[in-house]
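Undergrad: model this:
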Amino acid sequence: MIDFELYCLVIRLRIIGNFIGHMIEQSLRELGDALAWAKQEQALEETFLELSRESSRVAIQAYTTLTLVRHIYLSTQFPKRQDFTLPLLELCEQRFTLAQQSI
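TA: The predicted structure is shown next:
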């Protein structure tokens, strides 16, 4: 697959995680709730796993978190997004904690 955002060949799990990460960041920024589109995110993940030969939900969640980590940096670069730096940081910390607990 080609990721036109970063213009490189990537594995499909990364694309799904990246997309879900963008959904989470946008729902936080526009709706004030990182979980506002949780049902849609879950449906995307479930459908992807069902239709593809990929089976690593953990990898999708890791790529999602990495996308959110990148958005922490991006939020510091744009004045309109700086109010979301702390909420994104807290969200990533929660996701890291949950990931550690599931190991």
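Undergrad: quick check, pLDDT for the residue lying farthest from the centre of the chain.
TA: Within the chain, Pro79 marks the point farthest from the mean C-alpha position, 21.6 Å out by CA atoms, centre = their mean. Here the pLDDT value assigned to Pro79 is 95.
Undergrad: from Ile16, how far out is it?
TA: According to CB to CB, to the nearest Å, Pro79 and Ile16 sit 31 Å apart. For the C-beta atoms, the positions are set from N, CA and C on the backbone; glycine is no exception.
Undergrad: cool, and Ala34?
TA: On the measure of CB to CB, Ala34 and Ile16 end up 18 Å apart.
Undergrad: and what of Pro87?
TA: 23 Å.
Undergrad: tell me which of those two has more neighbours.
TA: Ile16 (22 against 17; other CB atoms under 10 Å).
Undergrad: neighbours around Leu13, how many?
TA: Leu13, neighbours per other CB under 10 Å, totals 22.
Undergrad: all numbers from here: first residue = 54
TA: In the new count, where the first residue is 54, that last one comes out as Leu66.
Undergrad: distance of it relative to Thr150?
TA: 22 Å.
Undergrad: for this structure, what spans make up the strands?
TA: All strands of the chain, identified by DSSP state E, fall at 55-56, 61-62.
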